[in-house]
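Participant: from the sequence below, what's the structure:
(chains A and B)
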Amino acid sequence: MNFSKIYALGLRHLYLIKNSFPRLLDLIYWPTVQIFLWGFISKFFTLNSEYYNNTVGIILTAAILYDFLFRASISFNMMFLEEIWSRNFTNLFIAPIRIREIIAALTLTAILRTLIGLVPAVLIAIPLFGVSVLNLGVPLIFLLISLYLFGITLGLLVTSGLLRYGPSFENIAWASLFFLAPLGCIYYPIEILPNSLQFIARGLPLVHIFEEMRSILMSNSVSYFNILKSISISVVYFIFGVIVFYLSYFGAKKRGTLINMGE
Amino acid sequence: MFIEIKNLSKVYNKYFAVNKINFQIEKNKTVGLLGPNGCGKTTTIGMMLGLVSPTGGEILIDNKNINSFRRDDILKRFNFASPYVELPKKLTVKQNLEIYGRLYGIKNLNSRINEISEDLEIKSFFNRKTGELSSGQKNRVSLAKSLINEPEILLLDEPTASLDPDIGDFIRSYIQEYKLKNKVTILLASHNMNEVERLCDSIIMMKKGKIIDSGTCEDLIQKHGRNNLEETFLKLARSKNEL
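Facilitator: Below is the predicted model of the structure:
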């Protein structure tokens, strides 16, 4: 890995944000709107639901964690799409940067984009709704790692689709996370799902992450085994995502789509 | 021979985009790649840049198959410019050159950027976003990017397409001068016959994925009994049978 090249590619995306105030605003705007919306919903449920009573902000914490996943994935996709939209794709892929360095650069830069968007929203939630994700304590770090890995995996799969099918795959980029959200059991326990779907849902790291989050906030108990399980599943998916990305890259070279991308 | 293309083919669903072509380029020479639209020029360039996998044949650089090099090792010896490929529009000219300078691992990057910017007269719009520039300005920036690493092999795809005669002439003069001062091997795909005559040591004519003729401009004009390269091109492009 050549870190100066990874830095260069990351810098390209940071310059993009730095040069455009609307772009920066866009990064912050959506997470903040989400926090407001889910903050009020959370407040309502806390006051009116037996399941959530005495436990302030479970829904809001879930919304924040889900948004972290969403932003990580979308950031990865967006940075890749930026190269297509700006017709810079050919220049990037003929530069002496290895594919693994491109993946590393997008992965590392996505965290910055995610944090730029989410940190203000998280901070707003503290005084406005009295909810802080920091209440999750040390496990929060591991939950975020697991979420981030899974978010990047989804990004890798979507960008693989872009390599395979071209810019027309863009709509899938936006829809990918909404497709998985019902199975992720973000706002409800897994028992709500029919048995057949529970089996599929357990194969996703999301269920274990959000079950653990609820367990910490509602009964103050931490199972590091569950957290490790979620990270392990995320790592397996991440490796799968990288393999699919490489296969799509070689497939795109075979089909000659790299040279026309963005035109 | 510096660059050797041997039996290079690219087949898409039984359609030969490039059909067993063979050519060689000596070090520090400029070769023109001519032919009608869809004849396989861009696919050939794409295969040389590693953007397209050949279906058959091989590309040798210094007698070594291009696939035996590590991706980043071989690509740092190349560069490419085309008006159909752009640099990030929302980044300034300076930022773009900085990013690509870093990607190509250029030492003393600032002085290289300064040098090339002065040569190509792009300093006056250095801090403007690339997307806000005119075609001529964008073209010069694109050329600056393609020369940032002082490539051994420069691939140019219609570098002066859609430029006014003044800017087109500026680019051609610059490439001509650059060739004299630097060690660079150039493959130039172009539809501008004056440009090809001015810049190229020899030319390769392609049609329907095949090389139909090659040689120096003078030789080809004479061989086909025409007055200039444009007429020669038209004769070859319109001929029903391959020559």
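Participant: how about the contacts made by the closest residue to B:Pro151 other than its chain neighbours?
Facilitator: Leaving aside its chain neighbours, B:Pro151 sits nearest to B:Asn79 (3.9 Å; criterion: CB to CB, 6 or more residues apart in numbering or on different chains). The C-beta positions use only the backbone N, C-alpha and C, and glycine is treated the same way. Residues touching B:Asn79, when contacts are defined by CB atoms under 8 Å, 6 or more residues apart in numbering or on different chains, comprise A:94, B:104, B:145-149, B:151, B:153-155.
Participant: run the last query once more with 7 Å
Facilitator: B:146-147, B:149, B:151, B:154 (CB atoms under 7 Å, 6 or more residues apart in numbering or on different chains).
Participant: from the residues you listed, which is closest to chain A?
Facilitator: Comparing those against chain A with CB to the nearest CB places B:Asn149 closest, at 8.2 Å.
Participant: surely that closest one forms part of a strand?
Facilitator: No - using DSSP: H, G, I helix; E, B strand; the rest coil, the secondary structure at B:Asn149 is coil, not a strand.
Participant: and the residue nearest to B:Pro151, how far is that from B:Ile45?
Facilitator: When CB to CB, to the nearest Å is applied, the distance between B:Asn79 and B:Ile45 equals 12 Å.
Participant: neighbours of residue 223, how many?
Facilitator: I'll assume chain A. Using other CB atoms under 10 Å in any protein chain shown as the criterion, A:Ser223 is surrounded by 14 other residues.
Participant: I was after chain B.
Facilitator: Counted with other CB under 10 Å, residues neighbouring B:Lys223 total 12.
Participant: just give the nearest non-adjacent residue to it, would you?
Facilitator: Counting by CB to CB, 6+ apart, the residue nearest B:Lys223 is B:Gly215, at 7.1 Å.
Participant: can you pull the contacts of B:Glu89?
Facilitator: No, residue B:89 isn't Glu; it's Lys. Under the criterion of CB under 7 Å, 6+ apart, the neighbours of B:Lys89 are A:86, B:129-131.
Participant: which among those residues count as buried?
Facilitator: With neighbours counted by 16 or more other CB atoms under 10 Å in any protein chain shown, the contacts of B:Lys89 contain buried members at A:86, B:129-130.
Participant: how about the residues of chain A by chain B?
Facilitator: Applying the criterion CB under 7 Å from any CB of the partner chain, the portion of chain A that neighbours chain B consists of A:4-5, A:8-9, A:11-12, A:15-16, A:19-20, A:86-88, A:90-91, A:93-98, A:253-254, A:256, A:258-259, A:263.
Participant: what about the stretch 151-263 of chain A, any weak spots by pLDDT?
Facilitator: Using pLDDT under 70 as the threshold, the predicted model of the stretch 151-263 of chain A has low-confidence ranges A:173, A:261-263.
Participant: roughly how far does the closest residue to chain A within chain B sit from A:Trp85?
Facilitator: Using CB to the nearest CB, the point where chain B gets nearest to chain A is B:Arg102, with a distance of 3.3 Å. The span separating B:Arg102 from A:Trp85 equals 22 Å under the rule CB to CB.
Participant: check A:Lys5 too.
Facilitator: 22 Å.
Participant: so for these two, which residue has more residues nearby?
Facilitator: Using other CB under 10 Å as the criterion, A:Lys5 and A:Trp85 rank with A:Lys5 on top: 22 against 16.
Participant: can you tell me the closest non-neighbouring residue to the more buried one?
Facilitator: Going by CB to CB, 6+ apart, A:Lys5 has A:Ile97 as its nearest residue, at 4.8 Å.
Participant: contacting residues for the one you found?
Facilitator: A:5, A:9, B:72, B:103.
Participant: and whichever residue of the stretch 101-250 of chain A sits closest to chain B, what element?
Facilitator: Ranking the residues of the stretch 101-250 of chain A by distance to chain B (CB to the nearest CB) places A:Phe250 first, at 7.4 Å. A:Phe250 belongs to helix A:224-255 when elements are defined using DSSP states H and E.
Participant: packing partners of that helix?
Facilitator: When contacts are defined as 3 or more CB pairs under 7 Å, 6 or more residues apart in numbering or on different chains; DSSP states H and E, helix A:224-255 packs onto helix A:99-129, helix A:139-165, helix A:205-219.
Participant: now those in a markdown table, with mean neighbour count?
Facilitator: Written out in a markdown table, the entries for the helices and strands packed on helix A:224-255 read as follows (neighbours: other CB atoms under 10 Å in any protein chain shown):
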| stretch | mean neighbour count |
| --- | --- |
| helix A:99-129 | 19 |
| helix A:139-165 | 22 |
| helix A:205-219 | 21 |
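Participant: spit out the contact partners of whatever residue of the stretch 51-200 of chain A ends up closest to chain B.
Facilitator: In the stretch 51-200 of chain A, no residue comes nearer to chain B than A:Pro96, which is 3.9 Å away by CB to the nearest CB. A:Pro96 sits next to B:72, B:75-76, B:103-104 when contact means CB under 7 Å, 6+ apart.
Participant: swap in 8 Å and give it another go.
Facilitator: A:5, B:71-76, B:103-105.
Participant: now do B:Ser190
Facilitator: Contacts here follow CB under 8 Å, 6+ apart; on that basis B:Ser190 touches B:32-34, B:156, B:158-160, B:196.
Participant: what does the pLDDT read for it?
Facilitator: With respect to pLDDT, B:Ser190 scores 89.
Participant: and if you look at A:Ile116?
Facilitator: Spelled out, the predicted local distance difference test score at A:Ile116 is 91.
Participant: the residue nearest to B:Pro151 pairs with what?
Facilitator: In this structure, B:Asn79 has the following beta-bridge partners (DSSP bridges): B:Leu154.
Participant: distance of it relative to B:Leu49?
Facilitator: Between B:Asn79 and B:Leu49 the distance, using CB to CB, works out to 9 Å.
Participant: so what sits against both of these two?
Facilitator: Any residue near both B:Asn79 and B:Leu49 by CB under 8 Å, 6+ apart counts here, and that gives A:94, B:155.
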